[in-house]
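Enquirer: Sharing a sequence plus its predicted fold:
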Amino acid sequence: MTVTAEKPLVKIEGLHKYYGHHHVLRGIDMTVNQGEVSVVIGPSGSGKSTMLRCVNLLESISAGRISVGGQLIGYREINGKLHDLKTKEIAAQRREIGMVFQRFNLFPHKTALQNVMEAPVHVKGQSKAAAQKRALELLDRVGLGDRAGHYPSQLSGGQQQRVAIARALAMEPELMLFDEPTSALDPELVGDVLNVMKDLAKSGMTMIVVTHEIGFAREVGDTLTFMDGGVVVESGDPREIIANPQHARTKEFLGRVL
Amino acid sequence: MEHHQHGDAPVLNKSVPVRHPGRWVSAVIILLLVAAFLQSLFTNPNFRWDVVGTYILDVKVVQGVGWTLLLTVASMVLAIVLAILLAVMRQSDNPVFRWTSWVWVWFFRGTPVYTQLVFWGLVTVLYPAFTLGIPFGPELFSYALSDPSKGLIPAILGLGLNESAYLAEIFRAGLKSVDKGQQEAAEALGMSKGKIMWRIILPQAMRIIVPPTGNETIGMLKTTSLVLAVPFTLDLTFATNALANRIYLPIPLLIVAAFWYLLVTSILMVGQHYLEAYYGRGVDNSAPAAVNPAAAKAAGAGADAQRSMKTDFPEESAR
């Protein structure tokens, strides 16, 4: 939609993933520019979630390289040889990358406000007062300012997911990953979450969104990537691909979900 | 639906409940048995309630309660600290830690607590002094273990180490019960391993851990009666037995001991109730928490909205 500065923020090169002998990702290449919304679609088992989880190292990288903001994820390269990063260094890299999960994964023993404040206070070392002020602003932004004192069990799925987005934003990440954020929601709750994501995209956040929401891809996406069988089948302008898919597999998939 | 058409309250159904004659019969039988037992308590002179009355607040007995409590609390604290460590080690990436934890549980769970207590009583025979040094090399530090305060320390060690093995399994089950997504969400926020364990995983695991740990604490209260194996001879069971042997009246002093054990158990159960309520917050009991004046006001408004929503369903608010 918006003309981006063409400055790559995320670079995925030759990414492979094995679970034992199971070859899940078979060489993924992908670039996401600063401020861009990159939507990834594909049938279940196509490896799209695995690819996303590799970006913040929730899955280890079997082969290939991922860099975010010019920084190699999970490794340090010394004279062409890769060295594993320490747990602490990986944690530092993850602070720059927000993640939203399909199952929300809010901390059930903490209120909405405490969920959002947790990382700023206990990871970044912000004062409680400052973190609380910012957290209430973020909850307002996702439309839940009046639910700050509620525990996750008292919130609907859509509200929980919006708290989860606020929680990720509280760390002020340069990149947001969305792993099927609306797949676990009742249909009437999907819209609220998508609206929050649209606002976020408008504000210039770089986002990789794995989803089944073709409408969101068409409306908000800057690029659309269709994955199947652990490879990128097709990638490009969302509206063009949706209107006129080039590959038979893309055509078949879109025919089933549209 | 038609009942609601004019906004009238619906006419509630008044049905004839199912009768339960079996409940009445069983209640009568049990009440008769209880009455017979109570009658014997008051009429059978062999209970010697006068002796119970004499000894229930005897200095030796009350001190015995104190020592039993001390043994219970100290050994449980030792066991809980060790158990957290063992459970975390068992989940560690480090194979040495995993193996050490497994062997510890295997050994301390696999030998009788009585045997372990006798062993800790005799440990000074095996190791008269605690020495820190390089194996087969020079000695750096030494501390004599002789006369360890009349068996208290060996008793606590014996009870605590044995219990740590059982608690380690309870803690392991608790940690495993926490959804994997919690770990991932915390990792994705960039939290350190230690913070994830202490702030995210353990508080949630505690909900599962507290009930069986309360059970173990109450069990420990009574297991302390085995410390005569060390020997440690000031606890409640030993004190009441000694008194019974002196006056040749075992039954009244058994009643004295049972009274005190029941009293302490009851107090522990109250404590457990509050612990369970604390760790169940957000899951078992979930009144919205007030956070600050502004947010509390906002949350209150939210609660009001819920309340007004509820009044749309009269049968809901009637419950």
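Expert: Arrived safely, thanks for sending.

Enquirer: Tell me how many other residues crowd residue 132.
Expert: Going with chain A. 22 (other Cβ atoms under 10 Å in any protein chain shown). Backbone N, C-alpha and C define where each C-beta goes, glycine included.

Enquirer: look at chain B instead
Expert: 9.

Enquirer: And for A:Tyr18?
Expert: 13.

Enquirer: cool, B:Arg207 as well?
Expert: 22.

Enquirer: What of the one 5 residues further on?
Expert: Using other Cβ under 10 Å, B:Pro212 has 16 other residues around it.

Enquirer: And for B:Phe238?
Expert: Here the number of neighbours of B:Phe238 (other Cβ under 10 Å) works out to 21.

Enquirer: Just the pLDDT for it.
Expert: What the model reports for B:Phe238 is a pLDDT of 94.

Enquirer: which residues does the closest residue to it other than its chain neighbours contact?
Expert: Leaving aside its sequence neighbours, B:Phe238 sits nearest to B:Leu228 (Cβ to Cβ, 6 or more residues apart in numbering or on different chains; 5.4 Å). Contact analysis of B:Leu228 by Cβ atoms under 8 Å, 6 or more residues apart in numbering or on different chains lists B:235, B:237-238.

Enquirer: Pick out whichever of those sits closest to chain A.
Expert: B:Asp235 (37.8 Å; Cβ to the nearest Cβ).

Enquirer: helices or strands up against the helix or strand where B:Thr265 lies?
Expert: Using DSSP states H and E, B:Thr265 maps to helix B:250-279. Taking 3 or more Cβ pairs under 8 Å, 6 or more residues apart in numbering or on different chains; DSSP states H and E as contact, the helices and strands that helix B:250-279 lies on are helix B:49-55, helix B:59-90, helix B:202-223, helix B:236-247.

Enquirer: Next, the angle helix B:59-90 makes with that helix.
Expert: Here helix B:250-279 runs at 40 degrees with respect to helix B:59-90, directions being taken by axes from the mean of the first three to the mean of the last three Cα atoms, to 10 degrees.

Enquirer: Please identify the buried residues of helix B:250-279?
Expert: B:252-253, B:255-257, B:260-261, B:264, B:268, B:272, B:275-276, B:279 (16 or more other Cβ atoms under 10 Å in any protein chain shown).

Enquirer: swap in stretch B:44-51?
Expert: Buried, per 16+ other Cβ under 10 Å, within stretch B:44-51: B:48, B:51.

Enquirer: Can you get me the start-to-end distance on it?
Expert: Start-to-end span of stretch B:44-51 (Cα to Cα, to the nearest Å) is 14 Å.

Enquirer: Contacts for that stretch next, please.
Expert: Residues outside stretch B:44-51 that contact it (Cβ under 8 Å, 6+ apart) are B:41, B:247, B:249, B:251-253, B:255.

Enquirer: now do stretch B:96-107
Expert: Contact with stretch B:96-107 is made by B:86-87, B:89-92, B:164-165, B:168-169, as judged by Cβ under 8 Å, 6+ apart.

Enquirer: Do a quick rundown of the helices in the stretch 151-258 of chain A.
Expert: Here the stretch 151-258 of chain A has its helices, by DSSP state H, counting those that start in this stretch, at A:157-169, A:187-202, A:214-220, A:238-243, A:248-257.

Enquirer: And for the stretch 1-150 of chain A?
Expert: So, for the stretch 1-150 of chain A - with DSSP H, counting those that start in this stretch - the helices run A:48-55, A:87-94, A:112-122, A:128-141.

Enquirer: Need the winner for burial among these.
Expert: helix A:112-122 (a mean of 25; mean count of other Cβ atoms under 10 Å in any protein chain shown).

Enquirer: Run through the strands of the stretch 1-150 of chain B in chain order.
Expert: B:129-133, B:139-144 (DSSP state E, counting those that start in this stretch).

Enquirer: What is the first one packed up against?
Expert: Here strand B:129-133 is seen to pack against strand B:139-144 when contacts are counted using 3+ Cβ pairs under 8 Å, 6+ apart.

Enquirer: Next, format the contacts of stretch B:44-51 as CSV and append pLDDT and distance to B:Thr213.
Expert: Formatted as CSV, the contacts of stretch B:44-51 follow (pLDDT from 0 to 100; distance: Cβ to Cβ, whole Å):
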residue, pLDDT, distance to B:Thr213
B:Leu41, 92, 35
B:Ile247, 94, 39
B:Leu249, 94, 37
B:Ile251, 94, 34
B:Pro252, 95, 34
B:Leu253, 96, 31
B:Ile255, 96, 29
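
Enquirer: for those residues, which one is nearest chain A?
Expert: Nearest to chain A among these: B:Ile255, at 43.7 Å, using Cβ to the nearest Cβ.

Enquirer: And for that closest one, nearest residue in space, chain neighbours not counted?
Expert: B:Ile255 sits nearest to B:Val52 (Cβ to Cβ, 6+ apart), 5.1 Å away.

Enquirer: mind checking how far the closest residue to B:Gly64 other than its chain neighbours is from B:Ile267?
Expert: Sequence neighbours aside, B:Ala239 is the residue nearest to B:Gly64 in space, at 3.4 Å (criterion: Cβ to Cβ, 6+ apart). From B:Ala239 over to B:Ile267 the distance is 19 Å, taken as Cβ to Cβ, to the nearest Å.

Enquirer: who does the spatially most central residue of chain A bridge with?
Expert: Computing the C-alpha centroid of chain A and ranking residues by Cα atoms, centre = their mean puts A:Leu177 first, at 1.1 Å. Note on A:Leu177: beta-bridge partners by DSSP bridges are A:Met99, A:Ile208.

Enquirer: Apart from its neighbours in sequence, what residue is nearest A:Asp29?
Expert: A:Glu13 (5.8 Å).

Enquirer: doesn't A:Ile61 make contact with the one you found?
Expert: No. The criterion here is Cβ atoms under 8 Å, and A:Glu13 misses it with A:Ile61 at 10.6 Å.

Enquirer: Would you mind telling me which of the two has more residues around it?
Expert: Between A:Glu13 and A:Ile61, counted using other Cβ under 10 Å, the more crowded position is A:Ile61 (19 against 13).

Enquirer: Flag the shaky bits of the stretch 1-150 of chain A, pLDDT-wise.
Expert: Scanning the stretch 1-150 of chain A for pLDDT under 70 picks out the ranges A:1-5.

Enquirer: where along it do the strands fall?
Expert: For the stretch 1-150 of chain A, the strands defined by DSSP E, counting those that start in this stretch occupy A:8-19, A:22-33, A:37-41, A:63-68, A:71-72, A:75-78, A:81-84, A:97-100.

Enquirer: Adding distance to B:Val25, write the buried residues of helix B:250-279 out as JSON lines.
Expert: Listed next are these as JSON lines, based on distance: Cβ to Cβ, whole Å:
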{"residue": "B:Pro252", "distance to B:Val25": "36"}
{"residue": "B:Leu253", "distance to B:Val25": "39"}
{"residue": "B:Ile255", "distance to B:Val25": "32"}
{"residue": "B:Val256", "distance to B:Val25": "37"}
{"residue": "B:Ala257", "distance to B:Val25": "37"}
{"residue": "B:Trp260", "distance to B:Val25": "37"}
{"residue": "B:Tyr261", "distance to B:Val25": "34"}
{"residue": "B:Val264", "distance to B:Val25": "37"}
{"residue": "B:Leu268", "distance to B:Val25": "36"}
{"residue": "B:Gln272", "distance to B:Val25": "35"}
{"residue": "B:Leu275", "distance to B:Val25": "40"}
{"residue": "B:Glu276", "distance to B:Val25": "36"}
{"residue": "B:Tyr279", "distance to B:Val25": "42"}
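
Enquirer: of all the residues you listed, which comes closest to B:Ile56?
Expert: Nearest to B:Ile56 among these is B:Val256, at 5.3 Å by Cβ to Cβ.

Enquirer: residues in contact with the residue most central in space within chain B?
Expert: Most central in chain B under Cα atoms, centre = their mean is B:Gly214, positioned 1.4 Å from the mean C-alpha point. By Cβ under 8 Å, 6+ apart, the residues touching B:Gly214 are B:268-269, B:272, B:275-276.
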